[in-house]
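Chemist: coordinates only, sequence not included:
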């Protein structure tokens, strides 16, 4: 038999085997059951091994049976994409003891959860899910912390020394507790991003606990006793090329639809933020006025009055500050301590939101005096009590038409679809860290190019970007790099961190850019990039396209650009495309010019960046 016929036979056998597997609607992803677990394939490439998928003492081999065709079609008020559509083939495996595993294969990934019934005041059984990540696999994983503030360094091993702030290390001192999302490159050019979604009441969030090459999905503390039915959150793996990962809406696709009857009052926007420049809260009325006045000049809709407003100096009160902002046409937001995490030694106001009756009183007061939203800070991890508390806060805020920004909190797990008033969450090692330690100065540029492929994939990210001046520790990224972050990073409330005099000293074109900057996008596309090296993302709002790119290295870089996804006529002939970038050979100087077509490459200075904006 010649080579042609051998190849044809092998192809037919392979196709026949794959055809019998559970597959995604487009046939690109498939799974093969292996005892109690499964192996996930992208085409013919094995990309994810989940050797165990069980709860408690389940020992039955998986037998998946197709149960449904899932179609999602919904709108978001903010995010990377306003109209979200996806399809999945759903399969079910009976596990015994009133339990079943539900698996959905989407075109861009896998989601699964455990469903339990027949419970009678029972404790929840232990989840047994394992992801097997072989040594040698490229990965970008973050050491877990309750505020999810850490780097995503490239590694090919799980044997990474734990930091001194580590919450859990193994006997050898290596990190054992890892946070979501975790990005893997199991085969060249194909990526897997692991996370979870749709945390509901009576559930805790989870983390990954590593033992050698096995990474156990480990739910945080949950002491509830359950009767009747219960299900776990969705375990999610986004799979494909980097563009598939960056552009995916899978985290919200598997979540409950919007629970708010009226969302007309939910307005995303850019925020003037008081804290970063002074490394201090907002107890000085005159400083608050400066940030309100900046918002007026730059035409920003919001100002955030941060911590310590309950200790206002010089006889002023928070009501005075709120009244001044409103008189200038700027919507004020105010800060609260959640009072479950950092309390002793932390700023206030404290203990105003913990009890339902206190929370109701406080949020009613906020609504009455004209506060538009609340930033709630310093949570204490991912246990069930914290998750329920977060949902309580979002729902109570919605009742009083308050936007929500969670800081010092867990990562987004899809609440932004169910509760659109949750417009952003910190859960990132962001610009605030220039205030805290010198480490960020040298690592920020590289770190910034990992975030579009990791943390920001799963939901809005309050990085507090775009600082042209220095706070406690200097930055060495360029002005072009900093400006690009406002587009590169998606956040329904985009907080500008620098001081007013810094922004107002920039060229008029830059100030005008802030005045027109959208924070809710019709579409997001990855143009080019690789984690830790460079990233270029294009987003459009209406007919206006914004393209932002950054160089994460210390060397000059020529970045190739391809805008195949934009209408061909638009690519070659806009009335005008404004380009913001760094002047070559000059120290931290702008180069701003107009052109009538997108370039096919950009030369980026070390740690530099650029933005295109069409007209």
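Modeler: Cool, got the structure. Only a predicted model underlies this, so the values are computations on that prediction, with no experimental measurement involved. Numbering: from 1, shown residues only.
Chemist: Please make it C-alpha for all contacts and neighbour counts, starting now.
Modeler: OK.
Chemist: Poorly predicted segments of this structure, please.
Modeler: Scanning the chain for pLDDT under 70 picks out 1-19, 567-574.
Chemist: where along it do the helices fall?
Modeler: Taking DSSP state H as the test, the helices found in the chain are 3-20, 242-247, 250-253, 285-298, 318-327, 356-369, 384-399, 415-418, 439-448, 479-488, 500-503, 508-516, 568-572.
Chemist: tell me the most buried of those helices?
Modeler: Stretch with highest mean neighbour count among the helices of the chain: helix 479-488 (a mean of 27; mean count of other CA atoms under 10 Å).
Chemist: starting at the chain centroid, how far to it?
Modeler: From the chain centre to the centre of helix 479-488 is a distance of 17 Å (CA atoms, centre = their mean, to the nearest Å).
Chemist: From the contact counts, what lies against it?
Modeler: strand 534-541, strand 544-551, strand 577-582, strand 609-614 (3 or more CA pairs under 8 Å, 6 or more residues apart in numbering; DSSP states H and E).
Chemist: Name every strand pairing with the second one and say which way it goes.
Modeler: Neighbouring strands of strand 544-551 in its sheet, by DSSP bridges, are strand 534-541 (antiparallel), strand 609-614 (antiparallel).
Chemist: ok and that strand relative to helix 439-448, angle-wise?
Modeler: On the basis of axes from the mean of the first three to the mean of the last three CA atoms, to 10 degrees, strand 544-551 is oriented at 120 degrees to helix 439-448.
Chemist: change the start of the numbering to 27 and stick with it
Modeler: OK, 27 is where the count begins now, so the last one is strand 570-577.
Chemist: And strand 570-577, what's buried?
Modeler: For strand 570-577, the neighbour count (16 or more other CA atoms under 10 Å) marks 571, 572, 573, 574, 575, 576, 577 as buried.
Chemist: residues contacting the second one?
Modeler: Residue 572 makes contact with 513, 564, 565, 566, 637, 638, 639, 640, according to CA atoms under 8 Å, 6 or more residues apart in numbering.
Chemist: now residue 349
Modeler: Contacts of residue 349 (CA under 8 Å, 6+ apart): 395, 396.
Chemist: And it, how close does it get to residue 401?
Modeler: For residue 349, the distance to residue 401 equals 19 Å [CA to CA, to the nearest Å].
Chemist: which stretch among the strands paired with strand 570-577 comes nearest residue 620?
Modeler: Distance to residue 620, taken as CA to CA, is lowest for strand 635-640 among the strands paired with strand 570-577, at 9.3 Å.
Chemist: Now do that closest one and helix 505-514, the angle between them.
Modeler: Going by the same axes, to 10 degrees, strand 635-640 makes 60 degrees with helix 505-514.
Chemist: Same list (the helices and strands packed on helix 505-514) but as a markdown table, adding distance to residue 156.
Modeler: Listed next are the helices and strands packed on helix 505-514 as a markdown table, based on distance: least, CA to CA, whole Å:
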| stretch | distance to residue 156 |
| --- | --- |
| strand 560-567 | 31 |
| strand 570-577 | 36 |
| strand 603-608 | 45 |
| strand 635-640 | 40 |
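Chemist: What number of residues are in the vicinity of residue 436?
Modeler: 26 (other CA atoms under 10 Å).
Chemist: From residue 237, how far off is it?
Modeler: With distances taken as CA to CA, residue 436 is found 24 Å from residue 237.
Chemist: Equivalent analysis for residue 443, please.
Modeler: Per CA to CA, residue 443 is found 34 Å from residue 237.
Chemist: again with residue 220
Modeler: To residue 237, residue 220 is 17 Å away according to CA to CA.
Chemist: which of the two has more neighbours?
Modeler: Comparing residue 220 with residue 237 by neighbour count (other CA under 10 Å), the higher total belongs to residue 220, at 24 against 14.
Chemist: And for that one, nearest residue in space, chain neighbours not counted?
Modeler: Spatial nearest neighbour of residue 220, excluding adjacent residues (CA to CA, 6 or more residues apart in numbering): residue 263 at 4.6 Å.
Chemist: partners of that neighbour in the sheet?
Modeler: residue 136, residue 220.
Chemist: now residue 604
Modeler: On the basis of DSSP bridges, residue 604 is bridged to residue 620, residue 639.
Chemist: Quick one: residues contacting it.
Modeler: Taking CA under 8 Å, 6+ apart, one finds 618, 619, 620, 621, 638, 639, 640, 641 in contact with residue 604.
Chemist: out of those residues, who has the most neighbours?
Modeler: Within the contacts of residue 604, neighbour counts (other CA under 10 Å) peak at residue 638, which reaches 23 neighbours.
Chemist: In this structure it contacts residue 566, no?
Modeler: No. At 11.2 Å, residue 638 does not count as touching residue 566 under the criterion of CA atoms under 8 Å.
Chemist: what's the neighbour count on the nearest residue to residue 69 once chain neighbours are set aside?
Modeler: Nearest non-adjacent residue to residue 69, counting by CA to CA, 6+ apart: residue 54, 5.3 Å away. Neighbours of residue 54 under the rule other CA under 10 Å: 18.
Chemist: Distance-wise, check residue 54 relative to residue 136.
Modeler: In terms of CA to CA, residue 54 sits 12 Å off from residue 136.
Chemist: Likewise for residue 412?
Modeler: To residue 136, residue 412 is 27 Å away according to CA to CA.
Chemist: before we move on, what about residue 529?
Modeler: Here residue 529 is placed at a distance of 44 Å from residue 136 (CA to CA).
Chemist: ok, now how distant is the closest residue to residue 285 other than its chain neighbours from residue 223?
Modeler: Closest residue in space to residue 285, ignoring its immediate chain neighbours: residue 444 at 5.6 Å, by CA to CA, 6+ apart. The gap separating residue 444 from residue 223 is 11 Å, by CA to CA.
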